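>>> Fold the stuff below for me.
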Amino acid sequence: MRVSLGGAIGAMSGAGLVVLAGVLGGGATSGSAAVTAVVRPAAATAAGAGHVTLYAGISGPRGITVGPDKALWFTNFGNNSIGRITTAGSVSTYIGKGISRPQDIAAGPDGALWFTNQGDNSIGRITTGGTVTSFTDPGISYPWGITAGPDGALWFTNAGNNSIGRITTTGAVTEFTDPSISGPSGITTGPDGALWFTNGQGNSIGRITTTGAVTEFTDPSISGPSGITTGPDGALWFTNADGRSIGRITTSGTVTNFTDPSISVPLGITTGPDGALWFTNQFSTTIGRITTAGKVSSRTSRGLSEAGEITTGPDGRLWFPNTFGDWIGRMATNGTERNFAGQIAVSRGFSLYGLTAGPDGAVWFVNEYWRTIGKITSNGTSESFSAGGPGSPQGITAGPDGALWFTEGHPRVSGGAIGRITTTGQVTIFTNPAIDDPNAITNGPDGALWFTNDGNNSIGRISTGGTVTRYIGTRISMPTGITAGPDGALWFTNSRHGSIGRITTAGTVTTFADPGIQIPDAITAGPDRALWFNNISVGTVPIIPIGRITTTGTVHDFISHRVFATTDIAAGSDGALWFTAGLIGRITTTGTVTLYPTGTDSDAITAGPDGALWFVCPGPNIIGRITTSVTPQITGESPQSGPAGTRVTVTGFNLGGATRVAFNGTAAPIISDTATTVVTQVPAGAMTGLITITTHAGTATAKTNFIITP
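Presented below is the predicted three-dimensional model:
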């Protein structure tokens, strides 16, 4: 049976608001045109589902600097965010309007961080509390480097129109042009009170006074200059990316060039805590060091791939971003180093494959590239653990034993493994010859874990004690997704043969083929006691994006002219099916589809413990959350009785942004709030009765009375 969804697309009005986690509201300053991002959702979304929150990790980091709060702040070019990392390695990210392909960043004289936005030709400002403001002006064109000037303003290079820009802390922009300015990139304040910059296309070093007078210095050794900094010897030091050398120029214009076989396309440069200059090598796994006398040495950094800028941290170490590896590196002057992959730690290149709701109230996910298992709470706090084992993690599910179970496929050696991780991060790895490139994994009705073996065309079973059983047959061909069905059997997708398989806990296999089953991938049990699956695309071959199969094998396929290819599907708490297709889609059991844009591509999706759907955006290193409803609900409170002054934790769904809490009508203070919890305190004068919590979307009422005691 085939159902067309062409006329059944739900309206998108009032849906699809994207909230950007970590970006706090604030007013724009006067001057050039400014926009400010806010974290609170608009009241217009209160009536329905589709409220999206995005949590960003490290993605394509480029610029880095020390902030006034003694943390390192960096730009994430890959996912349009600004990152902050403490010297202990704790990462926070800010994403939202006003941040667009950020390149360089510098601490301003006003206690904020200032950065260049190459995506929308603007200059951005972010406070240490996360308030973002951006300034646009016709004189800003593909801004590159930025630095605090000696005159209390910020100075930046415009690679797009070959000029130098100046912006006051109130947002007033001035543009300075000169025929000698050609492809400017790096910029710094010199010891002579002027600004010094590199002309990457002009192969020269430029100097501009705070009044706009420009001087150009040329030398045959200057070739593709990039980064520039003031050295401890009162001269300017710069990198020659094309010349593969380090340059030094005095304030009077005398140039000295230093070469060494270890210098490989140098980019960023900074003065180190040891009185030497330290620089990054773009196409090398090393960080370079050069003394003021010209002696060059290098230090190896594991996994380094296209390091960008470099700066000296408040801890006396060198800090640098790894643009292609999506991590921030830290190195001591003796070469000791450590890499920080960030909280979400999703590398670019579609490396995050699965996620699931954990027994601890968090959402757990796997990262193939970093070979880690991560968790993220509804307020965006996350951490990651090494997966161990011979391969890279793929699928993950909550097991019957209170732990998380995951598959390790695509190994560097043949085979694979099944992993188990407790909610505190303790990992156990199970290997067995029957495990071969496992993919998806699910909790079976028999108290065991069941998984698909892509490598040997089989279905696997592993007990919580680690005993592995393999089921093979001609009807199993490149299995991918698997789920427990309502009939007590396991259901799986055969992506190679285009069929849906069923296997009993005793190992009996049945397969179902239908024209609507094309290249099935993920599968889930629906609220209608049927199985729902998605078909992935190959090239430009038309596909039927969503399919449904009953436990007796009857197939219904749903055609949509608005959805070409889907990547994952999950059952929501609202009785509908939710899927990813670049955006987020919702389909009712009768076939009505509503689409919600997220502002970025989406991949895997799962129902979270908070009643929302959680999804991954592996390309830009983002994890997202979309509500099925924004109406608040109270599910419990602890304690359930107490006198005035008692601190009470109320649990539920959609409680974030609470505006009022009351005990039987008496207003109470809001100590803290997240999507799933509100912490409050019993107010004086309150009487025994129901607790209520009000948000922009409505008021939730507890199901049982809170008892006020003497």
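>>> What confidence value was assigned to residue 37?
At residue 37, the pLDDT value in this model is 24.
>>> secondary structure class for residue 441?
When classified by DSSP: H, G, I helix; E, B strand; the rest coil, residue 441 comes out as strand.
>>> Roughly how far does residue 697 sit from residue 178?
Distance of residue 697 to residue 178, given as CB to CB, to the nearest Å: 56 Å. Every C-beta, even on glycine, is put in place using the N, C-alpha and C of the backbone.
>>> the more surrounded of those two?
Shown here are residue 697 and residue 178; by other CB atoms under 10 Å, residue 697 has more neighbours (20 against 16).
>>> My guess is that one contacts residue 632. True?
Yes - using CB atoms under 8 Å, residue 697 is in contact with residue 632, at 6.2 Å.
>>> Overlap in contacts, these two.
Residues touching both residue 697 and residue 632 by CB atoms under 8 Å, 6 or more residues apart in numbering: residue 654.
>>> remind me which residues of the stretch 601-710 of the chain are low pLDDT?
Within the stretch 601-710 of the chain, the ranges that satisfy pLDDT under 70 run 619, 630.
>>> beta partners of residue 660?
residue 694 (DSSP bridges).
>>> do the same with residue 299
residue 287.
>>> OK, contacts around it?
286-289, 331, 335, 337.
>>> Please convert the buried members of the residues you listed into PyMOL selection syntax.
Selection of the buried residues among these in PyMOL, burial being defined by 16 or more other CB atoms under 10 Å:
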select buried, resi 286+287+288+289+331+337
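>>> Looking at the contacts of residue 299, spot the one nearest residue 225.
residue 288 (15.5 Å; CB to CB).
>>> surely that closest one meets residue 297?
Yes - the criterion here is CB under 8 Å, and residue 288 meets it with residue 297 at 7.5 Å.
>>> shared neighbours of the two, which are they?
With CB under 8 Å, 6+ apart as the test, residue 288 and residue 297 both reach residue 262.
>>> Tell me the confidence at residue 221?
At residue 221, pLDDT is 97.
>>> One more: residue 304?
73.
>>> How many residues are close by it?
24.
>>> now the one 10 residues further on
Neighbouring residues of residue 314 were enumerated by other CB under 10 Å; the total is 14.
>>> Verify the contact between it and residue 69 for me.
No - here residue 314 does not reach residue 69: they are 9.5 Å apart, not a contact under CB under 8 Å.
>>> for the contacts of residue 299, which one is nearest residue 253?
Nearest member of the contacts of residue 299 to residue 253, counting by CB to CB, is residue 288, at 24.7 Å.
>>> Roughly how far does that closest one sit from residue 322?
15 Å.
>>> now residue 472
Taking CB to CB, one finds residue 472 at 43 Å from residue 322.
>>> the more surrounded of these two?
residue 322 (24 against 15).
>>> which outside residues touch stretch 198-209?
Residues outside stretch 198-209 that contact it (CB under 8 Å, 6+ apart): 155, 159, 164, 176, 178, 180-187, 190, 193-197, 214-219, 222-228, 236, 238, 241-242, 247, 249, 255.
>>> Now do the buried residues in it.
For stretch 198-209, the neighbour count (16+ other CB under 10 Å) marks 198-200, 202-208 as buried.
>>> Among those residues, which ones are in helices?
Under the assignment DSSP state H, the buried residues of stretch 198-209 contribute nothing to helices.
>>> about what we covered before: out of the contacts of residue 299, which comes closest to residue 407?
For the contacts of residue 299, the nearest to residue 407 is residue 337 (31.5 Å; CB to CB).
>>> Can you give me the pLDDT of residue 537?
Looking at residue 537, its pLDDT is 64.
>>> hang on, the earlier thing: pick out the most distant pair among the buried residues of stretch 198-209.
203 and 208 (17.7 Å).
>>> before we move on, back to that, and the buried residues of stretch 198-209, which is closest to residue 90?
Checking the buried residues of stretch 198-209 against residue 90 with CB to CB, the nearest one is residue 198 at 33.3 Å.
>>> Distance of the closest one relative to residue 553?
Distance from residue 198 to residue 553, by CB to CB: 68 Å.
>>> Same question for residue 177.
From residue 177 to residue 553 the distance is 73 Å (CB to CB).
>>> Then residue 156?
Distance, residue 156 to residue 553, by CB to CB: 64 Å.
>>> go on, residue 369?
From residue 369 to residue 553 the distance is 39 Å (CB to CB).
>>> With neighbour numbers in mind, choose between the two.
For residue 369 versus residue 553, neighbours defined as other CB under 10 Å are more numerous around residue 369 (18 against 13).
>>> what pLDDT does that one get?
At residue 369, the pLDDT recorded in the model is 71.
>>> Sticking with it, tell me its helix or strand.
Residue 369 belongs to no helix or strand when elements are defined using DSSP states H and E.
>>> any idea which helix or strand carries residue 54?
Assigned by DSSP H and E, residue 54 belongs to strand 52-56.
>>> where does the residue nearest to residue 60 when sequence neighbours are not counted fall, phi/psi-wise?
In this structure, residue 60 finds its nearest non-sequential neighbour in residue 78, 2.8 Å apart by CB to CB, 6 or more residues apart in numbering. Phi and psi for residue 78, reported as degrees, to the nearest 10, are phi -70, psi -30.
>>> in the helix or strand that the strand holding residue 54 is followed by, what's buried?
For strand 52-56, the following helix or strand on the C-terminal side (DSSP H and E) is strand 61-66. For strand 61-66, burial by neighbour count (16+ other CB under 10 Å) applies to 61-66.
>>> Output those residues in JSON lines, with distance to residue 609 and pLDDT appended to each entry.
Converted to JSON lines, these look like this (distance: CB to CB, whole Å; pLDDT from 0 to 100):
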{"residue": "61", "distance to residue 609": "31", "pLDDT": "90"}
{"residue": "62", "distance to residue 609": "36", "pLDDT": "93"}
{"residue": "63", "distance to residue 609": "37", "pLDDT": "94"}
{"residue": "64", "distance to residue 609": "36", "pLDDT": "95"}
{"residue": "65", "distance to residue 609": "38", "pLDDT": "96"}
{"residue": "66", "distance to residue 609": "38", "pLDDT": "96"}
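>>> pretty sure residue 244 contacts residue 264?
Yes - look at residue 244 against residue 264 with CB under 8 Å: they come within range, at 6.2 Å.
>>> How is the protein partitioned into domains?
Per the record, the chain has its domains at 18-340, 355-626, 634-708, by automatic domain parsing.
>>> sec struct for the residue lying closest to residue 191 once chain neighbours are set aside, please.
In this structure, residue 191 finds its nearest non-sequential neighbour in residue 234, 5.1 Å apart by CB to CB, 6+ apart. Here residue 234 is recorded as coil under three-state DSSP.
>>> contacting residues around residue 234?
Here residue 234 is in contact with 191, 250-251 (CB under 8 Å, 6+ apart).
>>> swap in residue 126?
Per CB under 8 Å, 6+ apart, neighbours of residue 126: 73, 82, 94, 99, 112-113, 115, 132-133.
>>> 10 Å instead?
Contact partners of residue 126, counting by CB atoms under 10 Å, 6 or more residues apart in numbering, are 23-24, 26, 37, 67, 73, 82, 84, 94, 98-99, 102, 105, 108, 112-115, 132-134.
>>> Buried subset of the residues you listed, written for PyMOL?
To isolate the buried members of these in PyMOL, using 16+ other CB under 10 Å:
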select buried, resi 23+24+26+37+67+73+82+84+94+98+99+102+105+108+112+113+114+115+132+133+134
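>>> ok so, going back, show me what the strand holding residue 54 is packed up against.
strand 18-20, strand 81-85, strand 91-95, strand 613-617, strand 622-626 (3 or more CB pairs under 10 Å, 6 or more residues apart in numbering; DSSP states H and E).
>>> Which positions in stretch 473-483 come out as buried?
For stretch 473-483, the neighbour count (16+ other CB under 10 Å) marks 475-483 as buried.
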